[in-house]
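here is a sequence with its predicted model. Questions after.
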Amino acid sequence: MPKRYKVGIIGCGIGRSHIVEGYAPHGDKFEVVALCDLDEARLTTVADEFAVPRRTVSSDELIAMPDIDIIDICTPPAPHTRLILEALAAGKHVVCEKPLTGSLLEVDQVMEAERTARGVLMPIFQYRYGEGVEQARRIIESGLAGKPYAGTAETFWKRSAGYYDNPWRGRWATELGGVLMTHAIHLHDMLTFLMGPVERVFGRVATRVNAIEVEDCVSASLLMQNGALVSATATLGAQEEISRLHLAFENVTFESNHAAYSPGDGPWRIVPANEGVAVQIEALLKDMPPVGRRFTGQMEAFHRALERGERPPVTAEDARRSLELLAAIYHSSETGTDVALPLGREHPKYKTWRP
């Protein structure tokens with residue numbers, strides 16, 4: 001009989017989405033038993049909605065609950081590192097929203113703590129989950145796609161001044177970054193999920209849409225380790241919200257759906273080079289099992305990994321790569337230089353990418 005893991009969630013904003021999409025659909029695998037939020041009205045509303053028995057405004061109290069198996073961190077970015085380290089030290093498994101930490105130094109500290117912890121850590125990158133992206137990954141991993149040539153990653157979203165009428169958004173100290181950190185990080189993770197690691201980057205960032213501290217427009221040119229060339233563009237001033245990957249391989253071109261907040265969903269446009277490739281792709285995908293989307297798919301994969309004693313489906317190393325790319329783009333924009341990855345401990349943006 002698979003274990004039903006008890007979950008405590010810190011932060012009832014995006015935490016509510018984790019319940020709706022991630023835990024409630026898998027009631028045989030997870031039970032949310034405790035919630036924590038500094039906003040007592042929101043805490044009560046969400047706890048009542050899902051009949052969660054334990055409510056607290058203290059993260060320390062929730063982490064200390066002995067029967068909780070998984071601590072799910074859904075707070076604004078700034079306290080993530082502290083909460084991860086406290087939860088791992090308490091012997092818990094940890095789920096954490098993006099960004100995992102506020103620096104490469106901190107993510108390395110978290111990875112070191114995880115090596116000796118009883119629990120495991122899974123960062124959230126829910127856009128990896130959906131029929132479209134999983135089919136593309138299967139085709140690429142099979143070798144059918146062939147040599148990767150080029151691609152584009154577009155995060156065209158809209159955020160107005162009202163979005164930033166908030167205690168933590170738009171500020172370096174609390175949001176830790178702008179469109180690169182909070183919005184485009186999802187699509188950029190999907191890009192490397194399919195195209196592999198980045199080798200070099202030249203980027204520019206600007207604040208053009210709102211009166212905020214952090215960037216809201218980005219343009220970057222990426223050289224992937226496999227030789228492919230990719231352009232990545234993001235803005236929070238688009239009038240039509242779109243998230244799109246468009247990837248050209250030797251034998252196949254992929255184009256994601258354009259849904260801003262679920263680009264992993266199918267169907268994707270999969271354009272084979274010829275009829276022979278099309279037949280092979282059809283055979284490869286014919287018996288592919290259904291794939292859960294967004295949090296539903298990621299939490300199902302997490303439960304499977306826990307039961308099998310395997311590494312989580314998304315790892316701290318994955319989160320580090322996303323933060324390393326972000327830091328490299330900031331450094332490139334600041335210095336006007338082409339930046340080589342990986343970024344080591346001696347790099348100027350290793351301890352912080354914030355001004």
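Good, I have the coordinates.

all contacts plus neighbour counts: C-alpha atoms, from now on.
Fine.

the closest residue to Thr337 other than its chain neighbours sits in which helix or strand?
Spatial nearest neighbour of Thr337, excluding adjacent residues (Cα to Cα, 6 or more residues apart in numbering): Phe202 at 6.5 Å. Using DSSP states H and E, Phe202 sits in strand 198-206.

which residues touch that strand?
192, 215-225, 325, 328-330, 332-334, 336-342 (Cα atoms under 8 Å, 6 or more residues apart in numbering).

can you check stretch 11-30 too?
Under the criterion Cα under 8 Å, 6+ apart, residues 2-7, 9, 31-32, 35-38, 42-43, 46, 72-75, 294-300, 303 lie in contact with stretch 11-30.

give me phi/psi at the residue nearest to the spatial centre of the chain?
The geometric centre of the chain, computed from its C-alpha atoms, lies nearest to Phe125 (Cα atoms, centre = their mean), at 2.7 Å. The phi/psi pair for Phe125 (degrees, to the nearest 10) reads phi -140, psi 70.

which non-adjacent residue is nearest it?
His186 (6.4 Å).

that older thread, partner strands of the strand holding Phe202, with direction?
strand 217-224 (antiparallel), strand 339-340 (antiparallel) (DSSP bridges).

and it, what's buried?
Applying a neighbour-count criterion of 16 or more other Cα atoms under 10 Å, one finds 198-205 buried in strand 198-206.

if I look at the residue nearest to the centre of the chain, how far off is His188?
10 Å (Cα to Cα, to the nearest Å).

Leu222 too?
Leu222 is 11 Å from His188, by Cα to Cα.

got any residues that touch both of the two?
With Cα under 8 Å, 6+ apart, Leu222 and His188 have common neighbours Ala232.

these two - which one has more neighbours?
Taking neighbours as other Cα atoms under 10 Å, Leu222 and His188 compare with Leu222 leading, 25 against 21.

dig out what that one forms beta bridges with.
Val201, Val230.

isn't it right next to Ser231, touching?
Yes: applying Cα atoms under 8 Å, one finds Leu222 in contact with Ser231, separated by 6.1 Å.

re the thing from before, per-residue pLDDT, the residue nearest to Thr337?
Confidence at Phe202, expressed as pLDDT, is 98.

in the strand ranked longest in the chain, which residues are buried?
Using DSSP state E to define each element, the chain has its longest strand at strand 237-249. Buried residues in strand 237-249, counted by 16+ other Cα under 10 Å: 237, 241-249.

how far off centre is stretch 247-260?
Distance, stretch centre to chain centre, for stretch 247-260: 20 Å (Cα atoms, centre = their mean, to the nearest Å).

contacts for it next, please.
132-133, 136, 144-152, 155-157, 241-246, 263-274, 277.

quick one: mean pLDDT over it.
With pLDDT averaged residue by residue, stretch 247-260 scores 98.

okay, it in CSV with CA atoms only?
Provided in CSV are the C-alpha atoms of stretch 247-260 (Å, rounded to 0.1, in the frame of the first residue of the first chain):
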residue,chain,number,x,y,z
LEU,A,247,12.5,24.7,-31.3
ALA,A,248,14.0,23.6,-34.6
PHE,A,249,15.8,20.3,-34.7
GLU,A,250,17.3,18.4,-37.7
ASN,A,251,14.3,16.2,-38.1
VAL,A,252,11.5,17.9,-36.2
THR,A,253,10.3,21.4,-35.3
PHE,A,254,8.3,21.8,-32.1
GLU,A,255,6.1,24.7,-31.2
SER,A,256,4.4,24.8,-27.8
ASN,A,257,0.8,26.0,-27.3
HIS,A,258,0.6,29.7,-26.5
ALA,A,259,-1.1,29.5,-23.1
ALA,A,260,0.7,31.9,-20.8
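
just the buried positions in it, please.
247-249, 251-258, 260.

next SSE after the longest strand of the chain?
Per DSSP H and E, the helix or strand that comes after strand 237-249 is strand 252-255.

relative to the helix or strand following that next one, what are the paired strands and their orientations?
As assigned by DSSP H and E, the chain's next helix or strand after strand 252-255 is strand 269-272. Using DSSP bridges, strand 269-272 pairs in its sheet with strand 252-255 (antiparallel).

what pLDDT does Val291 get?
At Val291, the predicted lDDT confidence score is 88.

just give me the neighbour total for it.
If we define neighbours as other Cα under 10 Å, then Val291 has 20 of them.

got it, and Glu112?
Using other Cα under 10 Å, Glu112 has 11 neighbouring residues.

can I assume the residue nearest to the centre of the chain is in contact with Thr315?
No: here Phe125 does not reach Thr315: they are 9.7 Å apart, not a contact under Cα under 8 Å.

that older thread, quick one: which of the buried residues of stretch 247-260 is nearest Asp60?
Ala260 (35.3 Å; Cα to Cα).

what about that closest one, distance to Ala234?
Look at Ala260 and Ala234: by Cα to Cα, they are 12 Å apart.

need the residues touching each of these two.
Shared contacts of Ala260 and Ala234 (Cα under 8 Å, 6+ apart): 155-157.

export these to JSON lines and tack on distance to Arg115?
Converted to JSON lines, the shared contacts of Ala260 and Ala234 look like this (distance: Cα to Cα, whole Å):
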{"residue": "Thr155", "distance to Arg115": "34"}
{"residue": "Phe156", "distance to Arg115": "38"}
{"residue": "Trp157", "distance to Arg115": "37"}
